[in-house]
Structure formats: C-alpha cells, structure tokens
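In: Provided below are the primary sequence and the corresponding predicted coordinates.
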Amino acid sequence: MALQMWFYPGLIFLLLVVVLVALPRDTLRLLVPLGLILGGLVDTFCTLICSNLLGIYSYTSPPLFDVSGHLILAPIAWSLVIVFFLYFWPKYSKQLGYFYVLTWGLLATGVSQVVHYLGLFDYSDWLYPLPMLFLFLLRFALAAWIAKPWTNSWA
C-alpha cells in the first residue's frame with residue numbers, strides 16, 4: 001500500500017528535480033506552458049474520453065489523490081514528461097525524430113504496466129500492448145507536431 005500511495009508523488013518529485021536541474025531557465029519559460037497544455041490538459045481530456053465515456057481504462061488511485069474518480073497527480077506527471085520530451089527532441093534529423101517518438105511511446109507503455117501492476121491503473125484486456133502503444137505514439141507525435149512552431153529548438 002505504501003508503494004501505491006507514494007509512486008506518483010515520487011515520480012513527480014524525480015521528474016521535477018531532473019527538469020529543474022537539466023533544463024535552462026529561459027527554456028523552461030517556453031516549455032512549461034506547452035507541457036501543461038500538451039501534457040496535463042491532453043491527459044485530462046484523454047481520461048475523460050477513455051475512462052468516463054468509453055470505459056477503456058480507469059485509475060484506481062488511493063483516496064488521498066482521488067478527485068471524482070480521477071488521479072489528480074497524473075496530469076502533473078504528464079506535464080513534466082512532455083517538458084522533458086520536448087526539450088530533448090532531436091534538432092537536425094527527421095528520421096531520429098521518428099525513433100525518438102517510438103522510444104517515448106515504448107517507455108510510456110512500460111511505465112503504464114508498472115502503474116497497472118501497482119494497482120493504480122486498470123484497463124481492458126485488448127488495450128495492451130499494441131493499441132496502448134499506438135495511443136502513446138499518437139500523443140507524443142501530436143505534442144511534437146503542435147509544439148514545433150513555438151520552439152526554437154527545431155530549425
């Protein structure tokens with residue numbers, strides 16, 4: 001139970017420390033709003049559609065972090081993940097960008113399995129692995145495509 005309770009706060013703390021240490025301050029001013037919109041808001045939107053409307057997956061969060069059946073810490077974690085994802089986007093190679101999106105999709109699919117085995121996330125049996133991977137690939141590709149015009153890291 002303790003690991004369930006502190007997995008997301010620990011993940012958020014770890015991501016926050018890495019983002020604050022690794023990223024320059026002027027870059028954070030640009031990427032944090034993009035992370036909040038493309039990470040937190042998109043996660044909330046996806047959760048509303050896939051959880052409430054379609055019933056594909058649901059969060060089974062500890063009562064401390066539960067807000068009307070939604071895990072309040074997941075959008076915060078996704079915001080930090082998108083900030084990290086956008087900062088390290090490969091600048092000069094389009095082919096490397098495809099591999100980068102695939103790598104992050106595989107990583108997100110793996111982390112979702114950890115969250116599932118901890119009992120914080122439940123999904124339909126048909127969703128894993130390929131449909132879930134496709135959804136994560138779509139999420140990261142969409143984030144890169146939308147953020148591209150507003151960042152100076154892509155020439």
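Out: Yep, it's here.
In: who's in contact with the residue nearest in space to the middle of the chain?
Out: In the chain, the residue lying closest to the centroid (C-alpha atoms, centre = their mean) is W78, at 3.3 Å. With contact set as C-beta atoms under 8 Å, 6 or more residues apart in numbering, W78 has these partners: 39-40, 42-43. Any C-beta I mention is one placed from the backbone N, CA and C, and that applies to glycine too.
In: swap in C46?
Out: C46 neighbours (C-beta under 8 Å, 6+ apart): 135, 139.
In: Look up which helix or strand it falls in, please.
Out: helix 42-47 (DSSP states H and E).
In: roughly how far is the host helix or strand of V101 from the heart of the chain?
Out: Per DSSP H and E: V101 is located in helix 94-117. Helix 94-117 sits 10 Å away from the centroid of its parent chain (C-alpha atoms, centre = their mean, to the nearest Å).
In: next one: stretch 135-153
Out: 12 Å.
In: Alpha carbons of it, as PDB, please.
Out: The C-alpha trace of stretch 135-153 is given here as PDB (Å, rounded to 0.1, in the frame of the first residue of the first chain):
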ATOM      1  CA  LEU A 135      -2.200   5.800 -28.300                       C
ATOM      2  CA  PHE A 136       1.100   6.900 -26.700                       C
ATOM      3  CA  LEU A 137       2.800   7.300 -30.100                       C
ATOM      4  CA  LEU A 138      -0.100   9.500 -31.200                       C
ATOM      5  CA  ARG A 139       0.200  11.500 -28.000                       C
ATOM      6  CA  PHE A 140       3.900  12.100 -28.400                       C
ATOM      7  CA  ALA A 141       3.700  12.800 -32.100                       C
ATOM      8  CA  LEU A 142       0.900  15.200 -31.600                       C
ATOM      9  CA  ALA A 143       2.900  17.000 -28.900                       C
ATOM     10  CA  ALA A 144       5.900  17.300 -31.100                       C
ATOM     11  CA  TRP A 145       3.800  18.500 -34.100                       C
ATOM     12  CA  ILE A 146       1.900  21.100 -32.100                       C
ATOM     13  CA  ALA A 147       4.900  22.400 -30.200                       C
ATOM     14  CA  LYS A 148       7.200  22.600 -33.200                       C
ATOM     15  CA  PRO A 149       6.200  26.100 -34.400                       C
ATOM     16  CA  TRP A 150       6.700  27.700 -31.000                       C
ATOM     17  CA  THR A 151      10.000  26.300 -30.000                       C
ATOM     18  CA  ASN A 152      13.400  27.500 -31.300                       C
ATOM     19  CA  SER A 153      14.900  24.000 -30.900                       C
END
